Structure formats: structure tokens, C-alpha cells
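Colleague: kindly generate the corresponding structure for this input.
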Amino acid sequence: KQKTAYEIPKRDWSSDVCSSDLAVEKAASFKTPAPYAIAAVNDARLRIEEQYRRLGFNDVEVESSAAVSPDHAVVLTFEVREGAQQVLNGVETSGLDVTNGAVLTEALKFEFGKPVDLDEWALARKRLYDTNVFRLVDIQAVPIGDMTSGVQPVKAVVRVEEYPAWSFRYGFQLAGERRTDLAEFTSTRNAGVVSELRTRNLFGRALTAGLFGMYERDRQDGTLLLSTSRLFGWRARSSLYGFFTRDQFRNPDTSEVTFITNRQGISADQRWRSGGFQVVYGYRFERNHTYDPDPGNDPLPFDIVANLAKLSAAVLLDHRDDPINARKGTFSAVSFDQAAPFLGSDVNNRKLLMQQFLFVPLGARVTFASRVQSGFAFGRDNLLLSDRFRAGGATSVRGYSEDSLGQRDVTGVPNGGERLLILNQEARFPIYRWAKGVLFVDAGNIYARHEDWNALKIGYGGGRRFDTPVGLLRVDVGWPKSSVTSSSRAARWYFGFGHIF
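Modeller: Residues are numbered from 1 along each chain as shown. All right, here's what the predicted structure looks like:
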């Protein structure tokens with residue numbers, strides 16, 4: 001058996017321009033004696049090239065050769081042809097029509113007199129895209145002047161193309177569940193219109209500002225938004241919202257409005273993301289006014305005003321192979337809300353919601369998709385009506401009407417609850433080309449704070465998924481195993497975009 005070992009000579013580098021021979025030897029990462037393996041030698045060669053490129057030698061070439069000594073030891077030699085060392089001496093920009101130059105400078109983080117590290121330039125290009133201001137970014141190193149002592153001065157030519165200053169979008173939406181009953185199927189109670197006016201570059205400072213509006217028969221929303229991808233140099237998306245929401249709650253039997261809830265307030269949050277890991281935290285203040293729109297001669301009409309102020313935090317971990325149509329992987333999320341008087345709230349409570357998704361492929365065609373959602377409320381006070389957990393309908397427990405699970409008040413309107421449990425299981429499979437099928441079983445319910453975890457409502461059924469150019473269209477039909485109200489156990493149809501999880 002041959003004795004094999006690496007021997008790295010003290011002086012086999014072709015130039016002394018690199019920071020030090022020791023730094024390059026460290027990059028090679030050889031420990032002798034060791035078995036001679038070609039793959040390890042090639043990896044060492046690539047590490048040496050990377051070490052040189054970090055120092056601005058972007059045309060470097062490294063070759064290795066091996067010689068066997070009489071005692072069967074291997075002497076390994078690396079020959080380095082460095083080429084010119086590129087050093088940044090200037091920046092030239094084009095395409096800035098609206099954007100302030102400080103936005104570009106802050107994102108690039110270039111330093112004159114520093115070697116050109118193309119990996120760092122790639123990160124600078126990504127930071128420019130992350131501002132959400134540019135739809136095209138190109139950075140090239142262009143030589144300027146003559147090379148001196150192996151050093152080539154270069155300038156960074158940065159070419160950008162901005163998004164349009166303003167955009168306006170509008171559309172029509174149809175949300176919620178439909179039953180096979182003809183009158184309900186043709187109802188437009190969940191039809192609505194949406195619109196959005198937005199700019200990505202307010203005042204040329206890479207600030208996103210927008211106005212969003214939505215109108216439905218029983219719900220109207222309005223939101224003002226101001227956000228930025230960086231705040232005081234911190235690489236996190238920061239957002240400030242002002243909002244107003246009006247909800248009308250109807251008696252499911254008579255369709256009369258039993259009470260109205262108006263919510264208005266502000267919220268601020270930050271989102272920090274790294275790979276599949278994301279952290280979100282923020283503050284929200286909301287003034288909630290719930291009242292009976294037709295109290296008649298009631299001497300004590302139903303009219304409640306409450307302030308809800310809370311700190312929120314959430315942690316998300318996404319290991320799905322595709323966030324839109326996953327075949328394998330996991331998704332985990334935990335969110336926590338704290339409402340307290342010192343934050344400006346009239347109530348003192350806490351709310352915890354945990355979610356876990358699991359996607360397991362079975363062969364090349366079938367995917368088993370599972371979801372568990374569990375929620376708890378605790379603290380001195382109960383959750384406000386608008387802040388309670390709700391379940392039932394197109395995206396939770398199919399076979400039941402929207403938000404119908406849990407206890408109801410004397411008028412028959414669902415109250416929501418302070419504890420939540422939802423279990424979803426789907427089998428997804430292809431049918432023909434862009435058409436896919438789904439079979440599902442859902443279970444879940446809403447509970448009072450001290451109510452036992454029992455009496456799960458179960459729904460089952462199937463559906464179709466259509467992979468169209470505008471997105472994944474969803475059609476589901478579900479049957480309830482037990483009825484929630486006195487209505488029949490008729491099938492319900494649900495329409496939407498994408499999977500429910």
C-alpha cells in the first residue's frame with residue numbers, strides 16, 4: 001500500500017500580492033499527512049481562487065500539479081496566475097429619474113480604494129432590488145486608466161430602471177361559501193370591489209405609500225400605508241398603517257342587521273427575514289364601536305365603545321419546496337398578542353395562535369397535506385367580539401357556513417370564542433394536465449375559555465384545482481357531518497384562489 005501525503009511548499013505562489021502565503025495556505029485547508037484525493041485537491045483549488053477573488057483578483061487562475069517522491073509521498077504544488085488586482089476608484093450611475101441618490105449610495109455601500117469583490121457587488125445588487133424601487137439593476141466593472149504594479153483601477157457602472165411612480169389597480173371579488181340552494185347560490189352578499197393606489201418611491205426616498213379600499217355588502221375597509229425596506233440602516237421592512245373597517249352582522253335566518261362594528265386605529269410593525277425564517281413584531285391601537293343600528297324604544301340600547309391596544313410578535317419557519325403549491329416540507333408559525341392598560345387598552349388579555357403544516361409526497365403523484373391550528377386566550381378579561389377566534393367555512397372547516405362554529409347569541413349570530421382547534425387533512429393528486437383533484441376531511445370547533453376540547457365539527461368532501469395563467473383556482477364542495485343550526489345538511493360550494501394552506 002502506497003504512503004500518500006500532502007506537502008505544501010513554503011514558496012510555490014507566483015506572486016506576493018496576495019495578503020499572505022499563510023492566508024492562502026489556510027484557504028487550501030490541508031493537513032498532512034493525509035490520503036491523496038483528487039476531489040479534495042479540486043476543492044482546495046476553488047478555495048484558493050475564492051480567496052484571491054475576495055482581494056480583487058477576478059481573473060485569477062489556479063492550477064495544481066502532483067509529484068510522487070521516491071518514498072511514495074505526494075508533493076502537491078499550486079501555481080497561481082493572479083492577473084490584475086481590480087480596485088474601485090469611481091462610481092457612475094444612470095437611470096435615476098425620481099430616486100434620490102442617497103438611496104443608491106446607502107444600498108451599494110461601495111468604498112473607494114477597496115478591492116473589487118464581485119460577491120459583495122452581487123449583494124449590493126440584491127439590496128437595490130430590496131428597496132422595491134427598481135425593476136432592473138445592472139452593475140459592471142469598467143477599467144479606468146493604466147494598470148500600475150499589477151493594480152487596475154476600475155469604476156462601477158450602475159444602471160437602473162425605476163418602476164412607474166404611481167400605480168392604480170382595481171378589481172372585482174367574490175368571496176365566501178355557496179350552497180346548492182338556488183337562492184343562496186345566486187346571492188351577491190359576498191361580492192365586492194377592491195382598489196389600490198400605490199407608489200413605491202414617495203419623495204424619491206424608496207418609501208412605499210398606498211391607499212387601499214374594499215367594499216362589500218356587509219364589510220367596508222380602508223387602509224393607508226407607509227413602509228420602507230430599511231429604517232435607520234436596519235435591514236427590516238417597517239410599515240405604518242392607518243385603517244377603518246365597518247362590519248355588519250346579520251341574523252342568519254332573517255338577514256336583518258343585528259349590530260354593526262366600526263374599527264379604526266393605527267398599527268406599526270417590522271418584518272425581518274433570513275432564508276425561510278421570519279420574525280414579525282409590532283404595536284396596534286384600535287377603537288372599537290359596536291352598536292345596534294335600530295334600537296327602537298329600548299331605554300338601554302346595545303352600544304359599546306372599547307379601546308384595544310396590543311403588542312404582537314410572530315415567528316415563522318418555512319421549509320416548503322413551494323409556498324404556493326407545496327409537495328413536501330413543513331411550515332411552522334407561532335403568534336402572540338398582549339393587550340394591557342399600560343399600552344392604552346381597556347382590556348387585559350393575551351392571545352396565542354400556533355400553526356403547523358406538513359406536506360408528504362406519496363410516490364410521484366399524490367401529496368398528503370396536513371394542518372393543525374390551535375389557539376388560546378387567557379388573562380383577566382375576555383377577548384373583544386372582533387378579536388375572538390372564529391372557524392367554519394372555505395378556509396377552515398368546510399361543509400359549514402363562514403364563521404358559524406361555536407356559541408351563538410340570542411339572535412343567532414356566532415359569538416366566536418377564546419379557544420380554537422382546527423385539523424385539516426387533504427390528499428392532492430393530478431387528474432389531467434392543468435386539472436388536479438383534492439379529497440379532504442376537516443374537523444374543528446370554537447370553545448369558551450373553560451370549555452372542554454370536545455364535540456369537534458367534521459366536514460368532508462372533494463374539489464378541483466385548476467393551474468391557470470392567473471393562478472391556482474380552487475373549487476370545493478363540502479358536507480357537514482352534523483348541522484350547526486336548524487338548516488339542512490346540504491352541501492356547500494366554495495370558490496377561491498390557491499390551496500387553503
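Colleague: from here on, contacts and neighbour counts on C-alpha atoms
Modeller: Will do.
Colleague: and the residue of the chain most remote from its centre, which helix or strand is it part of?
Modeller: In the chain, counting by Cα atoms, centre = their mean, residue 70 sits farthest out from the average C-alpha position, at 61.5 Å. Take DSSP states H and E as the rule and residue 70 turns out to sit in neither a helix nor a strand.
Colleague: for residue 286, same thing?
Modeller: Assigning secondary structure by DSSP H and E places residue 286 in strand 277-291.
Colleague: so how far is that strand from its chain's centroid?
Modeller: Relative to the centre of its chain, strand 277-291 is centred 18 Å away, using Cα atoms, centre = their mean, to the nearest Å.
Colleague: check whether residue 129 really touches residue 137, as I assumed.
Modeller: Yes. Assessed by Cα atoms under 8 Å, residue 129 is found in contact with residue 137 at 7.2 Å.
Colleague: which residue ends up closest to the midpoint of the protein in space?
Modeller: The centre of the chain sits closest to residue 278, judged by Cα atoms, centre = their mean, with a distance of 7.4 Å.
Colleague: does it touch residue 317 like I think?
Modeller: Yes. Look at residue 278 against residue 317 with Cα under 8 Å: they come within range, at 6.5 Å.
Colleague: my guess is residue 52 is in a helix, correct?
Modeller: Yes. Residue 52 sits within a helix when classified using DSSP: H, G, I helix; E, B strand; the rest coil.
Colleague: tell me where the model's unsure across the stretch 101-250 of the chain.
Modeller: Scanning the stretch 101-250 of the chain for pLDDT under 70 picks out the ranges 174-190, 231-234.
Colleague: again with the chain
Modeller: Judged by pLDDT under 70, the stretches of the chain that qualify are 1-24, 174-190, 231-234, 252, 411, 483-489.
Colleague: can you give me the helices in it?
Modeller: Using DSSP state H, the helices of the chain run over residues 21-28, 38-54, 101-108, 118-130, 182-185.
Colleague: same list, those, but as CSV with mean neighbour count please.
Modeller: Below are these laid out as CSV (neighbours: other Cα atoms under 10 Å):
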stretch, mean neighbour count
helix 21-28, 16
helix 38-54, 18
helix 101-108, 16
helix 118-130, 17
helix 182-185, 11
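Colleague: can you say which of those is nearest to residue 429?
Modeller: Counting by Cα to Cα, residue 429 lies closest to helix 182-185 out of the helices of the chain; the figure is 27.7 Å.
Colleague: would you mark the buried spots in stretch 409-426?
Modeller: Using 16 or more other Cα atoms under 10 Å as the test for burial, stretch 409-426 gives 413-426.
Colleague: and that stretch, C-alpha only, in CSV?
Modeller: Extracted C-alpha coordinates of stretch 409-426, given in CSV (Å, rounded to 0.1, in the frame of the first residue of the first chain):
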residue,chain,number,x,y,z
ASP,A,409,-76.1,34.9,20.9
VAL,A,410,-79.8,35.1,21.4
THR,A,411,-80.3,36.5,17.8
GLY,A,412,-78.4,33.5,16.3
VAL,A,413,-75.2,35.4,15.4
PRO,A,414,-72.0,33.4,16.1
ASN,A,415,-70.1,34.8,19.1
GLY,A,416,-66.7,33.4,18.3
GLY,A,417,-64.6,32.0,21.1
GLU,A,418,-61.5,32.1,23.2
ARG,A,419,-60.1,28.7,22.2
LEU,A,420,-59.6,27.2,18.8
LEU,A,421,-58.8,23.8,17.3
ILE,A,422,-58.8,23.0,13.6
LEU,A,423,-57.5,19.9,11.9
ASN,A,424,-57.3,19.6,8.1
GLN,A,425,-56.2,16.6,6.0
GLU,A,426,-56.0,16.7,2.2
